[in-house]
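S.K.: Please find the sequence and the predicted model below.
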Amino acid sequence: MALKEYKSITPGLRGKKTVDYAELTGQTLVKTLTKFKKSKAGRNNTGKITVRRRGGGVKKKYRIIDFLRSKEGVSGEIISVEYDPNRTAWISLVKYQDGEKAYIISPEGVKVGDVIDAGKNAEIKKGNSLKLKDIPTGLEIHNIETKIGKGSSLVRSAGCVAVLLAKSGNYVTVKLPSGELRMIHADCKATIGRIGNSDKRNIVIAKAGANRKKGRRPKVRGSVMNACDHPHGGGEGKAPIGKAGPYSKWGKPVGGVKTRKRTNKYIVKRRK
C-alpha cells in the first residue's frame with residue numbers, strides 16, 4: 001500500500017495525497033447486501049439540526065457488513081476487495097461454500113482467492129474469526145465484540161489493531177488502539193490480524209471541495225460570530241473571548257473536560 005501524490009498543475013492539487021487503490025478489485029455490489037441510505041443533513045426526526053456542519057455530499061448506498069461473522073464451520077472464499085464510502089476500511093466480499101455471500105471488514109494482507117473461516121475449529125490465521133478464549137495471547141486482533149452475540153463494536157477503522165494480552169477466568173485483557181487496557185468476556189468474538197488501508201491517516205485532501213463531497217460543511221470559529229450566536233462572539237474588532245477558558249456554543253466548558261461515558265468496571269488501565 002502506498003500514497004499517490006499529484007503534480008501541482010492546479011491549486012486544488014497542490015500538496016494533495018490520496019491512497020493508492022491498487023489493492024482494490026473494483027465494485028461488485030450485491031443488491032441483497034446493499035440498501036438505500038438517506039441523507040439526514042444532521043437533522044433529527046422533527047427536522048431540527050442536532051449535528052452541525054452536515055449536508056450535501058454525494059449519494060451512496062450502505063453496504064451491510066457481517067460484524068457478527070455468524071457463518072461458523074463454513075469456509076468462504078474472498079472474491080473481491082472493495083471500497084466502502086461509509087467507512088475508512090476496505091471491505092471484502094466473501095462467498096461461502098453453501099453459496100451465501102457476505103461483506104466483512106478486510107484485514108491487512110488478505111487478497112482475492114484466500115479462504116477464511118469462523119468458529120471454534122477455525123485455523124489461527126488472518127481473517128479468521130474465533131472466540132477470544134480460543135485465540136492465543138499476544139496476537140493482533142480487530143473487530144471485537146463487547147457483548148456476546150451482539151456483533152463487533154471495537155477496532156473497526158482503517159489501520160487499527162488491538163492485542164490480546166492475557167486470559168483470566170471468564171475474561172481476557174485486551175490492549176485497544178487508544179492504549180486502554182480493557183477486560184472483555186472470553187466468549188466474545190474477534191478477528192485475527194490488523195485492518196487494512198493503514199495509509200488512510202496520511203492522506204491530504206488539499207481542498208475544501210473534497211470534504212463537501214463527503215457531506216461535511218465549513219466550520220466557523222465562535223470568536224467571529226455575533227454575541228447572540230456564541231459565547232466567544234461579539235466585541236469590536238478582533239476581541240478576546242472574555243472568559244477563563246473556551247466554551248461551547250451552548251455555554252459548557254470545553255478543552256480538558258472529560259465527556260466520555262465509561263464502564264469503569266472493565267477498564268484495567270486508562271488511555272492516559
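M.R.: Good, I have the coordinates. Numbers count the residues shown, from 1 in each chain.

S.K.: Now do the helix or strand bottoming out on mean pLDDT in the chain: which elements does it pack against?
M.R.: Of all helical and strand segments in the chain, the minimum by mean pLDDT, DSSP states H and E falls on strand 267-269, at a mean of 85. The helices and strands touching strand 267-269, judged by 3 or more Cβ pairs under 8 Å, 6 or more residues apart in numbering; DSSP states H and E, are strand 181-185. Yep, even glycine has a C-beta here, placed from its N, CA and C like the rest.

S.K.: The strand it packs on pairs with which strands?
M.R.: Strand 181-185 pairs in its sheet with strand 171-175 (antiparallel), strand 267-269 (antiparallel), by DSSP bridges.

S.K.: what's near enough to touch the residue most central in space within the chain?
M.R.: Centroid-nearest residue in the chain, with Cα atoms, centre = their mean: residue 157, separated by 3.1 Å. Residues near residue 157 by Cβ atoms under 8 Å, 6 or more residues apart in numbering: 87-89, 195.

S.K.: so which of the strands paired with strand 181-185 gets nearest residue 9?
M.R.: Of all the strands paired with strand 181-185, strand 171-175 sits nearest to residue 9, with 45.1 Å by Cβ to Cβ.

S.K.: contacting residues around the closest one?
M.R.: 132-133, 141, 144, 162-167, 181-186, 266, 268.

S.K.: from those, which would you call buried?
M.R.: The neighbour-count test (16 or more other Cβ atoms under 10 Å) applied to those identifies 132, 141, 144, 162-164, 181-186 as buried.

S.K.: which residues does the residue nearest to residue 32 when sequence neighbours are not counted bridge with?
M.R.: Counting by Cβ to Cβ, 6 or more residues apart in numbering, residue 32 lies nearest to residue 101, which is 7.9 Å off, once chain neighbours are set aside. Beta-bridge partners for residue 101, by DSSP bridges, are residue 95.

S.K.: pretty sure residue 101 is touching residue 95, no?
M.R.: Yes: at 5.2 Å, residue 101 counts as touching residue 95 under the criterion of Cβ atoms under 8 Å.

S.K.: Can you give me the neighbour number for residue 110?
M.R.: Residue 110 is flanked by 20 other residues according to other Cβ atoms under 10 Å.

S.K.: wait, isn't residue 160 in contact with residue 177?
M.R.: Yes: between residue 160 and residue 177 there is a contact under Cβ under 8 Å: 4.8 Å.

S.K.: For the residue of the chain most remote from its centre, grab phi and psi.
M.R.: The outermost residue of the chain, judged against the average C-alpha position, is residue 236 (42.8 Å), by Cα atoms, centre = their mean. The phi/psi pair for residue 236 (degrees, to the nearest 10) reads phi -90, psi 120.

S.K.: What of the one 10 residues further on?
M.R.: For residue 246, the backbone dihedrals are phi -70, psi 150 (criterion: degrees, to the nearest 10).

S.K.: Spit out the contact partners of the closest residue to residue 102 other than its chain neighbours.
M.R.: Spatial nearest neighbour of residue 102, excluding adjacent residues (Cβ to Cβ, 6+ apart): residue 66 at 4.2 Å. Residues near residue 66 by Cβ under 8 Å, 6+ apart: 94, 102-104.
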